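1. no sequence on this one, just coordinates:
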């Protein structure tokens, strides 16, 4: 009894000392189960990534209603650049989760089925409904674009990375060979997308997935790197991000050459730096906020539904443009939370611990 009371008093004192409350606050801690990335931090950062992506699209769509110039245009442009960095967060955690979820030497059927029911089937159902509400499919090509995820570029690239991971981990043995092959595979896919003239957001964030896979396989080494990563490392990484962002917003500063390949490598490098920054921060901090974490668990549906909902709000409401943006955001959050609950009910047994689809 005394030991229990002592432990409770210690936990209360620790919560006060770190300024934490149940559900809200920030606490410095190591991830549970010895993993680099905790489930709480993963969900929180997924929520932040979803917000970044939606804001980047809203910033692009803002000019449909009112022009911006001067400092307002710089701010709008900066927000519009958040999207790829949000995707990098998703890819980082997805690559890491793939390795941790596999958890054994060889591929097994249940792992593949989990990816299908957690990601592909929810995508197929939700986007299928959106497509039908938008008029359906006019050709086989339209249906194939939908089924492959091509019209939702993030899903298309994610499916390719999933397939590559499954194939490599099925055929090859040894983590060094697997990771090395997957890194080469990621580079080849990214270069193919670049060579086909796809927009840069199709490929610049893919490196984050490979980083997540590498961290998952070499977790002990990653822990050592993170433990040694002090404030100086964070400052250096942050300065690299500042350079990329500044030269992107102000291309006539003398450091932007305008050469496509230079811009490509700079953007890919920025995605890698950003992924490492997020990795260090997420591994050192647990951030408890139920709202953001719930959004993170529903982040797949935020991505899938926010464009369609925005277009509906724009076309069907007569409020001011600012009100339509706000209403669109609120409806997107509500619909995403509902979709998440429905998919859990549909694909997960009520006798098992509930899981949210993760990407």
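-> Structure's in. What do you need? As the structure is a computational prediction, the values presented were derived from the model and not from experiment. Residues are numbered from 1 along each chain as shown.
2. how close does residue 112 get to residue 304?
-> 21 Å (C-beta to C-beta, to the nearest Å). Heads up, the C-betas are built off the backbone N, CA and C, glycines and all.
3. next one: residue 321
-> Residue 321 is 24 Å from residue 304, by C-beta to C-beta.
4. please apply the same query to residue 217.
-> Separation of residue 217 from residue 304 (C-beta to C-beta): 30 Å.
5. quick one, strands of the stretch 251-359 of the chain?
-> Using DSSP state E, counting those that start in this stretch, the strands of the stretch 251-359 of the chain run over residues 285-289.
6. can you pull out the low-pLDDT segments for it?
-> Residue ranges of the stretch 251-359 of the chain with pLDDT under 70: 251-263, 286-288, 348-359.
7. ranges for the helices of it?
-> 260-284, 290-297, 299-316, 321-347 (DSSP state H, counting those that start in this stretch).
8. out of those, which is closest to residue 148?
-> Residue 148 lies closest, by C-beta to C-beta, to one member of these: helix 299-316, at 14.9 Å.
9. other residues contacting the closest one?
-> 46-47, 49-50, 53-54, 57-58, 61, 64, 90, 119, 122-123, 126-127, 130, 133-134, 152, 154-155, 295, 324-325, 327-328, 331-333, 335-337, 339-340, 343, 357-359 (C-beta atoms under 8 Å, 6 or more residues apart in numbering).
10. what about burial for those residues, which qualify?
-> 46-47, 49-50, 53-54, 57-58, 61, 90, 119, 122-123, 126-127, 130, 152, 154-155, 295, 324-325, 327-328, 331-333, 335-337, 339-340, 343, 357-359 (16 or more other C-beta atoms under 10 Å).
11. who's more crowded, residue 321 and residue 304?
-> residue 304 (23 against 14; other C-beta atoms under 10 Å).
12. residues near the closest residue to residue 206 other than its chain neighbours, how many?
-> Among residues not flanking residue 206 along the chain, residue 190 sits closest, at 4.7 Å (C-beta to C-beta, 6 or more residues apart in numbering). Using other C-beta under 10 Å, residue 190 has 21 other residues around it.
13. who are the packing partners of the host helix or strand of residue 190?
-> Here residue 190 sits within helix 175-195, counting by DSSP states H and E. Applying 3 or more C-beta pairs under 8 Å, 6 or more residues apart in numbering; DSSP states H and E, we find helix 175-195 packed against helix 153-171, helix 206-217.
14. return the most buried member of those helices.
-> Stretch with highest mean neighbour count among the helices and strands packed on helix 175-195: helix 206-217 (a mean of 25; mean count of other C-beta atoms under 10 Å).
15. tell me how many other residues crowd residue 233.
-> Neighbours of residue 233 (other C-beta under 10 Å): 15.
16. how about it, nearest residue that isn't a chain neighbour?
-> Residue 233's closest residue in space is residue 280 (C-beta to C-beta, 6+ apart), at 7.4 Å.
17. how about the contacts made by that neighbour?
-> 226, 229, 233, 234, 237.
18. what separation do you get for it and residue 231?
-> Taking C-beta to C-beta, one finds residue 280 at 11 Å from residue 231.
19. and for residue 304?
-> 39 Å.
20. excluding its backbone neighbours, what's nearest the residue nearest the centre of the chain?
-> The residue lying closest to the centre of the chain (C-alpha atoms, centre = their mean) is residue 90, at 1.8 Å. Leaving out its chain neighbours, the residue that sits closest to residue 90 by C-beta to C-beta, 6+ apart is residue 49, at 5.3 Å.
21. what's the angle from the host helix or strand of that neighbour to helix 321-347?
-> Following DSSP H and E, one finds residue 49 within helix 39-62. Using axes from the mean of the first three to the mean of the last three C-alpha atoms, to 10 degrees, the inter-axis angle of helix 39-62 relative to helix 321-347 is 140 degrees.
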